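Enquirer: Below is the sequence, then the predicted model.
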Amino acid sequence: MKIFKKIIGIFLSSAIIMIPSVAEAKTKKVSKVKSSHISYKKSHVSHKKSKVSSKHSHHKKYASKKAKFQKVSYSYGPRVYGDDLEPNRDIYKYAIGLLGTKYRFGGDDINGIDCSSFVQHVFELAGYKMPRTAREQALYGYFVRKENIKPGDLLFFATYASYPSHVGIYIGNGKMIHASSKGGKVEITDINQEFYVKRFLFAKRIPANIKELTPQDSMESIDSYINESKNNKEDPIAKIIMEKNDKN
């Protein structure tokens, strides 16, 4: 009996000693789990923020590239220039096809055409409606600085009048194709000849991939531009003409 009581006493003593240890171990385990959960939560939030930040940064980068891609023209005073626009190269292709056609002032068929009729026919072949006279054709397209002209650009000159009275189509290497009264036919001419340098007014570019032609200027704005070009030495096109004239 004494031995039995002694065993019970030893067992109770052991239980009293072990309970706090077990409780402490459980507390540590719970604390560890909570700490791990909080750490994971913080890491997840941090990763999410990083992902959002990265996405935002990528979006900004893409938007920046897109904005840069859409920059196709620039302004000089009240004018909008299209030096960065892609020209319609089909114009050049169809123009070459009419090479050698007889010139006739006021003519508008295969038996004889003048400069503006030639341009009108070329645009018709390309699928566009262009007005009949050079002065009306000057209303279409965007101004282009002479040093940036490309094949397909329209070149306007003041020949028998102070307004655009002659028009040709640039084909590259300082040459244009036009219906020439002097040559008596549609021919290729060097635009750096003194006659054309002195009479050059401006270049216009018809952008590629347009569905239909629409005027970009009015008669008044064209006349105003020509007058400004004569009086304003800082105008880019007027400056080029002046430099050419000085060399001659």
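Expert: The structure has been received and is ready for your questions.
Enquirer: And the helices in this structure, which stretches?
Expert: Here the chain has its helices, by DSSP state H, at 2-70, 89-97, 115-125, 134-137, 194-199, 219-231, 236-247.
Enquirer: Quickly, which of those bottoms out on average pLDDT?
Expert: Taking the average pLDDT of each of the helices of the chain, the minimum falls on helix 2-70, with a mean of 46.
Enquirer: number of nearby residues for L125?
Expert: Close neighbours of L125, defined as other CB atoms under 10 Å, add up to 15. (Each C-beta comes from the backbone N, C-alpha and C, glycine too.)
Enquirer: G97 too?
Expert: 12.
Enquirer: who touches the residue nearest to T159 when sequence neighbours are not counted in this structure?
Expert: Among residues not flanking T159 along the chain, H166 sits closest, at 4.3 Å (CB to CB, 6 or more residues apart in numbering). Shown in contact with H166 (CB atoms under 8 Å, 6 or more residues apart in numbering): C115, A134, F156, F157, A158, T159, Y160, H178, R199.
Enquirer: Then A95?
Expert: F118, V122, I169, I171, I177.
Enquirer: can you rerun that using 6 Å?
Expert: V122, I169, I177 (CB atoms under 6 Å, 6 or more residues apart in numbering).
Enquirer: Now flag whichever of those residues is closest to L85.
Expert: I169 (16.2 Å; CB to CB).
Enquirer: Please tell me I have it right and that closest one contacts K175.
Expert: No: judged on CB atoms under 6 Å, I169 makes no contact with K175 at a distance of 10.0 Å.
Enquirer: which of those two has more neighbours?
Expert: When I169 and K175 are compared for neighbours, I169 comes out ahead with 24 against 15, by other CB under 10 Å.
Enquirer: Next, count neighbours for Y160.
Expert: 9.
Enquirer: and this structure, what are its domains?
Expert: 1-71, 74-247 (automatic domain parsing).
Enquirer: Spatially, what comes nearest to Y128 if we skip its sequence neighbours?
Expert: L213 (4.9 Å).
Enquirer: ok, the one you found to V197 distance?
Expert: 28 Å (CB to CB, to the nearest Å).
Enquirer: closest to N209 among the contacts of H166?
Expert: F156 (23.3 Å).
Enquirer: That closest one contacts A203, correct?
Expert: No: counting by CB under 6 Å, F156 does not reach A203; the two are 7.3 Å apart.
Enquirer: ok, I91 touching G152?
Expert: Yes: between I91 and G152 there is a contact at 4.3 Å, judged by CB under 6 Å.
Enquirer: how deep is the closest residue in space to E124 that isn't next to it in sequence tucked in, by neighbour count?
Expert: Closest residue to E124 apart from its sequence neighbours, by CB to CB, 6+ apart: M130 at 7.3 Å. Using other CB under 10 Å, M130 is surrounded by 19 other residues.
Enquirer: Next up, the contacts around M130.
Expert: Q120, F123, Q137.
Enquirer: Filter these down to the buried ones and hand me the PyMOL line.
Expert: Burial among the contacts of M130 is assessed by 16 or more other CB atoms under 10 Å; the matching PyMOL selection reads:
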select buried, resi 120+123+137
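Enquirer: That'll do, ta.
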